[in-house]
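I would like to see how this sequence folds:
(chains A and B)
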2 protein chains.
Amino acid sequence: MIDTTELLTENIHLADWTRALKPSALQESLMIASKPGIISLALGLPALEFFPKKAYAQAVERVLESDPRALQYGPPSESLKAQIADLMALRGVACKKEQVFLTAGAQQGMNLLSRLMLDRGGEVLMEEMAYTGFQQVIEPFQPNLLTVSTDLGTGIDVDAVEALLAGGARPAFIYVVTEGHNPLAVSMSAEKRVRLVELAREYHVPIMEDDAYGFLCYDSHSVPPMRSIEDQWVFYVGSFSKTLAPGLRVGWIIVPEWLITKLSVIKEATDINTSTFTQKTVSAYIDQGSFNDHIAFLRSEYKARRDAMLSALEDYYPAGVRWRVPSSGVFIWVELPDGTDTATLLRLAVEQEHVAFIPGNAFCADGSSKGGNCIRLNFSHSNGELIRKGILRLARVLKDVLA
Amino acid sequence: MIDTTELLTENIHLADWTRALKPSALQESLMIASKPGIISLALGLPALEFFPKKAYAQAVERVLESDPRALQYGPPSESLKAQIADLMALRGVACKKEQVFLTAGAQQGMNLLSRLMLDRGGEVLMEEMAYTGFQQVIEPFQPNLLTVSTDLGTGIDVDAVEALLAGGARPAFIYVVTEGHNPLAVSMSAEKRVRLVELAREYHVPIMEDDAYGFLCYDSHSVPPMRSIEDQWVFYVGSFSKTLAPGLRVGWIIVPEWLITKLSVIKEATDINTSTFTQKTVSAYIDQGSFNDHIAFLRSEYKARRDAMLSALEDYYPAGVRWRVPSSGVFIWVELPDGTDTATLLRLAVEQEHVAFIPGNAFCADGSSKGGNCIRLNFSHSNGELIRKGILRLARVLKDVLA
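As a prediction, the model looks like this:
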């Protein structure tokens, strides 16, 4: 019998870059994690029990009752842009609402910025270990990646960035996660933020500052994002996914005002506009005045979950396993003894102990074996009890694998 | 004084294709149309008084009360895909829910399909006069456009398509609007649908069938879309924007099942997923069972508005102005006497008579002066009284311009 699919695959010409497309590792993890009985420490999902459903339902009701244009095509919401500018002020960033561009989440923010700045085959400067969603964004451009390492205590290797730029490299932009690095869980030191901004100015290379986790910081003395010290060379990417709800798909970018018109055309070609209804309801929710309290609540709850995971790691993990206390974000990066086979560890963890994580090498951008002995653990999705149980189960499998 | 913006424009390198980016004509029209007191016959906006706000509010309430995962990241809604497959059956299309791919509206559907199939500098076969949003989608690819003309009574010139393909052209795809063509208001004849599908099969060139207006047909004997006669070479693009509400941003594409995985990865890189909350609420709305009645209601109401516009044209327009009765969609394409300056007409119409339309040449894909003596009028957005008033005002300006 003839396999029709294969025949068709040969017949329909697809864009060159799509030939190498593999099913998404994230989607596969989502499948595994959604199996009944699995404790998932894999994905960076917020806790669904913390969504402010009641307050959001009130906002929806108010918008549908009072705004006849709630379901119509419409321009970006001026009130939401102003509310975002106010939110940014809480993080020490001064920006005007005219510099705020609304997106369908941080992922789309990175996508639009890449399409604005990156030519096919162009250069991108980034860390060796990086958010896979960003790698997916730039893949169609078949870019030339310039990678630098990351210090687990202070963040991106700024000396290596400087060496590349001083050596003549002129990437389209530098991609970096300032707070709660995904997957490495590090926050960039204040000193490195200043130095990286100075390099951007000196070499005229913009920084794409991915701050999706920026509002989830657990130290009282958090450092402001790079956008707070530079408004022309830092393009800031923000999101409501980790503070309000990811199922709404709303985020924003902050760029120099002269780029807004170009971004508007790229956005229009993508999906016309971010849902008018969602823009208006998120704005109405913020207008109710409880969002700042909600963020403070999340910080407190997620900090407790982080501490539950840290204490379980202390209690159950063997010597030779290392991790640090993350001051922001939703992940802990765990280094296992050299040579640990994390693929086997994951298979056994899921099959025998019904617990999931992401092997570190999945985040490696340069195709090497970096992160091969590491795993990324999420502490936002599960409650403290499940986290403790998950870590215990994982410790049992680890013992078998290391034996 | 130094113009900082210009200095920065020189300093920050943007992607090559963005240099030619102009502010969107659609956004400019939206600005004009939203001025107080303007009767807008310009954009293809649905009538906001017809949105099923009450039923949708009930659906939202139900989802927020009963579904704990309503605001979480999540996979595409299986129930919504099944409901779309049922909807398509009403139009004579047999498809499985596994062939339905959810998008943030038809615009995103076209965007994802183009990224799947089109290489930079690749060929696209399309009509000379085409939806500007589609032109924006392919612009970043700097494509080689193969254009054919359109018969105002029967649609795309299929002979010209055949001549191009027989002559060796192998475009990435053929873009065509089956029903209620934007801007030409024509519906493709049944015979041409069959012939175009045969050409797609023979030459192995997929058809991107943009059917955004397909559910708004005003004849009792409407012809099914091309997807009803071919499931491998026709990629169908559908939308809830014209039947439910554009402010939600939900649409779909129907493709051969083996392409779903690749599309999922492209979609994930774009915006992770279409809003879970919106997917679930649209599905809950359809589940209430009144959507088919609502579509029938819209057909009846929009048909009445179409007839109001036709009768006003009859009453007020001078000899030498021509139009046809559209059997679907939301536009009437009006041909004015040769040499009519529609740019001046628009300026005077807005300034003196407070009425807006879109000059025909705005839709011209090949940079020529085609459509220069034509205008596109929308009849869905305004009620019959306003339509009659708008056509009268436009007739007065037209008289001045032709004088």
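
okay, and the helix or strand of chain A with the least pLDDT?
helix A:4-11 (a mean of 53; mean pLDDT, DSSP states H and E).

how about the strands in chain A?
Secondary structure of chain A by DSSP state E: the strands cover A:39-40, A:100-103, A:123-127, A:144-148, A:150-151, A:155-156, A:173-177, A:207-210, A:234-239, A:251-254, A:331-335, A:355-356, A:358-359, A:374-378.

Return the distance of the longest one from the chain's centre.
Chain-centre distance of strand A:234-239: 11 Å, with C-alpha atoms, centre = their mean, to the nearest Å.

Does chain B have contacts with that strand?
No - judged by C-beta under 8 Å from any C-beta of the partner chain, strand A:234-239 and chain B are separated, with a smallest distance of 9.5 Å. In this view, the C-beta of every residue, glycine as well, is placed from N, C-alpha and C.

for that strand, packing partners?
helix A:78-90, helix A:106-117, strand A:207-210, strand A:251-254 (3 or more C-beta pairs under 8 Å, 6 or more residues apart in numbering or on different chains; DSSP states H and E).

out of the strands of chain A, which comes closest to residue B:31?
Residue B:31 lies closest to strand A:100-103 among the strands of chain A, at 17.2 Å (C-beta to C-beta).

low-confidence ranges in chain A?
A:1-10, A:25-26, A:30, A:33 (pLDDT under 70).

tell me the angle the longest helix along it makes with strand A:331-335.
Scanning chain A for the helix with the most residues, using DSSP state H, yields helix A:291-316. Calculated by axes from the mean of the first three to the mean of the last three C-alpha atoms, to 10 degrees, helix A:291-316 forms an angle of 20 degrees with strand A:331-335.

what about helix A:291-316, near chain B?
No - shown here: helix A:291-316 not in contact with chain B (C-beta under 8 Å from any C-beta), separated by at least 12.9 Å.

Contacts only, for residue A:153.
A:186, A:189, A:324 (C-beta atoms under 8 Å, 6 or more residues apart in numbering or on different chains).

do that again at 7 Å, thanks
Contact partners of residue A:153, counting by C-beta atoms under 7 Å, 6 or more residues apart in numbering or on different chains, are A:186, A:324.

Next up, phi/psi of it, please.
phi -100, psi -30 (degrees, to the nearest 10).

doesn't residue A:176 make contact with residue A:226?
No - taking C-beta atoms under 7 Å as the definition, residue A:226 is not a contact partner of residue A:176, at 8.1 Å.

shared neighbours of the two, which are they?
In contact with both residue A:226 and residue A:176: A:207, A:209, using C-beta under 7 Å, 6+ apart.

and those two? which has more neighbours close in?
Of the pair residue A:226 and residue A:176, residue A:176 is the one with more neighbours under other C-beta atoms under 10 Å in any protein chain shown, namely 27 against 24.

That one and residue A:328: what is the separation?
Note on residue A:176: its distance to residue A:328, by C-beta to C-beta, to the nearest Å, is 14 Å.

likewise residue A:200?
Relative to residue A:328, and taking C-beta to C-beta, residue A:200 is found at 22 Å.

again with residue A:385
Residue A:385 is 24 Å from residue A:328, where distance means C-beta to C-beta.

quick one: which of these two has more around it?
Set residue A:385 next to residue A:328 and count neighbours by other C-beta under 10 Å: residue A:328 wins out with 26 against 9.

State the number of residues packed around residue A:93.
Count around residue A:93 with other C-beta under 10 Å applied: 22.

Cross-check the contact I'm expecting between it and residue A:224.
Yes - between residue A:93 and residue A:224 there is a contact at 6.4 Å, judged by C-beta under 7 Å.

residues shared between the contacts of the two?
Going by C-beta under 7 Å, 6+ apart, no residue sits against residue A:93 while also sitting against residue A:224.

in the longest helix of chain A, what's buried?
Going by neighbour count (16 or more other C-beta atoms under 10 Å in any protein chain shown), the buried part of helix A:291-316 is A:291, A:294-295, A:298-299, A:301-303, A:305-306, A:308-310, A:312-313, A:316.

repeat for stretch A:278-291
For stretch A:278-291, the buried set under the neighbour-count rule, 16+ other C-beta under 10 Å, comprises A:278-286, A:291.

So which of these sit within helices?
A:278-286, A:291.

out of the residues you listed, who's nearest residue B:264?
residue A:278 (21.9 Å).

how close does the closest one get to residue B:199?
For residue A:278 relative to residue B:199 (C-beta to C-beta), the value is 41 Å.

cool, and residue A:349?
53 Å.

Could you dump the strands of chain A into TSV with distance to residue B:264 added?
Shown next, in TSV, are the strands of chain A (distance: least, C-beta to C-beta, whole Å):
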stretch	distance to residue B:264
strand A:39-40	20
strand A:100-103	20
strand A:123-127	23
strand A:144-148	24
strand A:150-151	29
strand A:155-156	31
strand A:173-177	23
strand A:207-210	22
strand A:234-239	21
strand A:251-254	20
strand A:331-335	24
strand A:355-356	20
strand A:358-359	19
strand A:374-378	22
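
which residue is nearest the centroid of chain A?
By C-alpha atoms, centre = their mean, the mean C-alpha position of chain A lies nearest to residue A:212, the distance being 5.2 Å.

Residue A:186 and residue A:149 touch, don't they?
No - in this structure, residue A:186 is not within contact of residue A:149 by C-beta under 7 Å, at 11.6 Å.

Looking at the two, which one has more neighbours?
Neighbours around residue A:186 and residue A:149, counted as other C-beta under 10 Å, are more numerous at residue A:186. The numbers are 26 against 13.

which residues touch that one?
A:150, A:152-153, A:155.

cutoff 6 Å now
A:152, A:155 (C-beta atoms under 6 Å, 6 or more residues apart in numbering or on different chains).

Next, find the distance separating it from residue A:135.
18 Å.

Chain B contacts on the stretch 51-200 of chain A?
A:51, A:53, A:57, A:60, A:64, A:68, A:71-73, A:104-105, A:107-108, A:111, A:116-120, A:136-137 (C-beta under 6 Å from any C-beta of the partner chain).

can you rerun that using 8 Å?
A:51, A:53, A:56-57, A:60-61, A:64-65, A:68-75, A:103-105, A:107-108, A:111, A:115-120, A:122, A:133, A:136-137, A:139-140, A:170, A:172.

Surely residue A:308 and residue A:382 touch.
No - assessed by C-beta atoms under 8 Å, residue A:308 is found out of contact with residue A:382, at 9.2 Å.

Mind putting the helices and strands packed on strand A:234-239 into TSV with mean neighbour count and distance to residue B:83?
Putting the helices and strands packed on strand A:234-239 into TSV (neighbours: other C-beta atoms under 10 Å in any protein chain shown; distance: least, C-beta to C-beta, whole Å) gives the following:
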stretch	mean neighbour count	distance to residue B:83
helix A:78-90	18	30
helix A:106-117	25	26
strand A:207-210	27	36
strand A:251-254	26	28
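
list the contacts for the residue nearest to the centre of chain A?
Counting by C-beta under 8 Å, 6+ apart, residue A:212 has contacts A:106, A:177, A:182, A:237-239, A:241-242, A:251.

before we move on, what about residue A:282?
So residue A:282 contacts A:59, A:80, A:240, A:244, A:248, A:250 (C-beta under 8 Å, 6+ apart).

how does it look with 6 Å?
Per C-beta under 6 Å, 6+ apart, neighbours of residue A:282: residue A:250.

and what of the one 5 residues further on?
For residue A:287, the set of contacting residues under the criterion of C-beta under 6 Å, 6+ apart is empty.

and with 8 Å instead?
Taking C-beta under 8 Å, 6+ apart, one finds A:59, A:79, A:83 in contact with residue A:287.

Okay, residue A:84 and chain B: tell me how far apart.
18 Å (C-beta to the nearest C-beta, to the nearest Å).

Much appreciated, bye for now.
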